[in-house]
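Participant: Structure of the sequence below:
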Amino acid sequence: MLNLLLTVPAGAMRDQYFPVPLLTRLAALGNLTINPHTRQYTREELCALLPETDIVLTHWGSGKYDAELLSHAPRLKLLAHCAGTVAHIVCEEFFQRGIPVLSANSVMARYVAEGALCYILSGLRSVNAYDRNMRCGGWRGVGGDGVCPAVHSLIGAAVGMIGLGSVGRNLLSMLRPFSVRVKVCDPYLLEGALDAWDFAESASFSDAMSCDVVTIHASQTPETYHMINAAALALMPDDALLVNTARGAIVDLDALIAEAQSGRIRAVLDVYETESVPQKAELLQLTKNVTLQPHLAGMPSGASMTEEILCDIERFLRGEAPQLCVSHTQFLHMTQEFLLDTIPKK
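Facilitator: So this is what the prediction gives:
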């Protein structure tokens with residue numbers, strides 16, 4: 001009998017991402033054990049459960065399945081992560097033992113790209129600023145709170161991408177109707193990677209940062225920590241737009257605040273170095289040219305991530321090749337969620 005272990009704690013997140021119809025499909029595959037707690041399993045509990053487990057399903061908040069923990073899982077055939085990056089979930093031993101690792105990263109990427117496009121359009125057209133101005137009694141540049149920033153168009157604009165990845169590729173396809181010119185800076189870009197988009201080309205970091213719109217899609221790694229610093233931001237033209245839907249630690253927030261306070265550039269931020277807590281007062285005061293979102297770009301993906309992972313588990317059990325399998329190379333370049341615990345602050 002196939003034994004499946006769903007490690008996601010009971011609560012709102014499990015209800016949202018694992019609705020009853022999907023749990024029913026999972027249970028039909030074998031003996032399904034569901035985490036009964038409102039917390040993650042402890043390491044000791046996992047050590048007791050893993051010896052008889054064939055498939056583990058994880059999600060946001062799951063701990064790392066390191067070599068020692070994996071040694072307690074002699075029957076493990078598959079780890080299915082129903083969310084994005086697995087850099088902090090699995091270890092090298094998975095690839096050495098040939099245990100496939102699934103990730104819904106490519107599923108969520110479509111929704112993050114849609115969110116990035118929304119932020120680009122709203123940021124260029126100063127949607128929030130003019131909404132606020134009207135609520136204060138103004139009309140366009142007259143009256144209200146005196147906020148009358150320029151309104152720009154994405155049509156024909158120069159767009160710089162810092163990093164490509166799944167989100168960037170999805171965004172490229174969404175940008176096609178806007179007749180944009182895209183410069184992609186990604187040191188891991190393979191030859192021919194941009195062939196599907198004749199309006200995009202590989203570019204240097206400075207060239208990508210010099211565009212009308214700069215959108216960040218790089219992974220969070222030691223190399224990308226505070227990569228968008230004061231020197232990088234200085235490359236952006238006046239009134240250019242920075243959009244970050246990747247990870248907050250890629251941007252030096254103090255440097256961005258300084259540039260935004262001058263009024264020289266505008267930004268839309270969806271991610272932050274420290275999330276789920278009040279942000280810096282200086283950032284919150286930048287209401288004219290900075291829009292803040294609470295890490296929502298990928299939120300609409302919802303249970304679609306779980307459903308696609310479930311379809312892949314079913315393929316695997318039929319002896320077919322999974323479509324969401326993470327290669328070793330992908331694993332090495334994925335965002336490292338717990339990176340900030342190990343990087344010394346300047």
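
Participant: Counting neighbours, what do you get for the closest residue in space to Leu317 that isn't next to it in sequence?
Facilitator: With C-beta to C-beta, 6 or more residues apart in numbering as the criterion, Leu317 has its nearest non-adjacent residue at 6.6 Å, and that residue is Leu29. For glycine as for every other residue, the C-beta is placed from the backbone atoms N, C-alpha and C. When neighbours are counted by other C-beta atoms under 10 Å, Leu29 registers 16.

Participant: can you tell me the helix or strand for Leu29?
Facilitator: Secondary structure assignment for Leu29, by DSSP states H and E: no helix or strand.

Participant: how close does it get to Ala208?
Facilitator: Noted for Leu29: a distance of 45 Å to Ala208, by C-beta to C-beta, to the nearest Å.

Participant: cool, and Phe18?
Facilitator: Phe18 is 39 Å from Ala208, by C-beta to C-beta.

Participant: When these two are compared, which one has more neighbours?
Facilitator: Neighbours per residue (other C-beta under 10 Å) separate Phe18 from Ala208, with Ala208 holding more: 24 against 21.

Participant: How about that one: what's its closest non-neighbour residue?
Facilitator: Nearest residue to Ala208, sequence neighbours excluded (C-beta to C-beta, 6+ apart): Gly160, at 3.5 Å.

Participant: Need phi/psi at that neighbour.
Facilitator: phi -100, psi 130 (degrees, to the nearest 10).

Participant: burial count for Leu189?
Facilitator: 15.

Participant: my guess is it meets Leu164, correct?
Facilitator: Yes. In this structure Leu189 lies within contact range of Leu164 using C-beta atoms under 8 Å: 6.2 Å.

Participant: Asn31 and Asn3 touch, don't they?
Facilitator: Yes. The pair Asn31 and Asn3 passes the contact test of C-beta under 8 Å, sitting 5.0 Å apart.

Participant: These two: who's more crowded?
Facilitator: Asn3 (20 against 13).

Participant: I'd assumed Asp54 was in contact with that one.
Facilitator: Yes. Contact criterion C-beta under 8 Å: Asn3 and Asp54 qualify, at 5.0 Å.

Participant: who touches both of the two?
Facilitator: Gly30, Arg75 (C-beta atoms under 8 Å, 6 or more residues apart in numbering).

Participant: From the centroid of the chain, which residue is nearest?
Facilitator: Geometric centre of the chain, nearest residue: Ala246, 4.9 Å, by C-alpha atoms, centre = their mean.

Participant: Skipping adjacent residues, who's closest to that residue in space?
Facilitator: Ile216 (4.6 Å).

Participant: for the one you found, phi and psi?
Facilitator: Dihedral angles for Ile216 - degrees, to the nearest 10 - are phi -100, psi 130.

Participant: What about it, how many residues nearby?
Facilitator: Per other C-beta under 10 Å, the neighbour tally for Ile216 reads 26.

Participant: any idea where the helices of the protein begin and end?
Facilitator: Ranges of helices in the chain, per DSSP state H, are 12-17, 20-27, 43-49, 67-70, 92-97, 105-124, 127-135, 165-175, 205-209, 230-234, 253-261, 281-284, 304-317, 328-333.

Participant: Out of those, the one nearest Lys77 is which?
Facilitator: helix 304-317 (7.9 Å; C-beta to C-beta).

Participant: which secondary structure elements does the closest one contact?
Facilitator: helix 20-27, strand 78-81, strand 101-103, helix 105-124 (3 or more C-beta pairs under 8 Å, 6 or more residues apart in numbering; DSSP states H and E).

Participant: same thing but at 10 Å, please
Facilitator: helix 12-17, helix 20-27, strand 55-58, strand 78-81, strand 101-103, helix 105-124 (3 or more C-beta pairs under 10 Å, 6 or more residues apart in numbering; DSSP states H and E).

Participant: hang on, the earlier thing: which neighbours do Leu189 and Leu164 share?
Facilitator: Common contact partners of Leu189 and Leu164 (C-beta atoms under 10 Å, 6 or more residues apart in numbering): Ser202.

Participant: which stretch among the helices of the chain comes nearest Leu296?
Facilitator: Taking the helices of the chain one by one with C-beta to C-beta, helix 105-124 is closest: 6.7 Å.

Participant: Could you pull up the mean pLDDT of that closest one?
Facilitator: Across helix 105-124, pLDDT averages out at 96.

Participant: what is the orientation angle of that helix with helix 127-135?
Facilitator: 40 degrees (axes from the mean of the first three to the mean of the last three C-alpha atoms, to 10 degrees).

Participant: From the chain's centroid, how far away is helix 105-124?
Facilitator: 10 Å (C-alpha atoms, centre = their mean, to the nearest Å).

Participant: Show me what that helix is packed up against.
Facilitator: Using 3+ C-beta pairs under 10 Å, 6+ apart: helix 105-124 touches helix 127-135, helix 165-175, strand 213-216, strand 241-244, strand 266-269, strand 290-292, helix 304-317.

Participant: Among the ones you listed, which comes closest to Thr329?
Facilitator: Using C-beta to C-beta, the nearest of these to Thr329 is helix 165-175, at 12.5 Å.

Participant: Report the inter-axis angle for the closest one versus helix 105-124.
Facilitator: 50 degrees.

Participant: Could you list the alpha-carbon positions for helix 165-175 in PDB?
Facilitator: Extracted as PDB, the C-alpha positions of helix 165-175 are listed here (Å, rounded to 0.1, in the frame of the first residue of the first chain):
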ATOM      1  CA  GLY A 165      13.700  32.400 -14.700                       C
ATOM      2  CA  SER A 166      10.100  31.100 -15.000                       C
ATOM      3  CA  VAL A 167       8.600  34.400 -14.000                       C
ATOM      4  CA  GLY A 168      10.600  36.400 -16.500                       C
ATOM      5  CA  ARG A 169       9.700  34.000 -19.300                       C
ATOM      6  CA  ASN A 170       6.000  34.300 -18.500                       C
ATOM      7  CA  LEU A 171       6.300  38.000 -18.300                       C
ATOM      8  CA  LEU A 172       8.100  38.200 -21.700                       C
ATOM      9  CA  SER A 173       5.100  36.500 -23.300                       C
ATOM     10  CA  MET A 174       2.700  38.900 -21.600                       C
ATOM     11  CA  LEU A 175       4.700  41.900 -22.800                       C
END
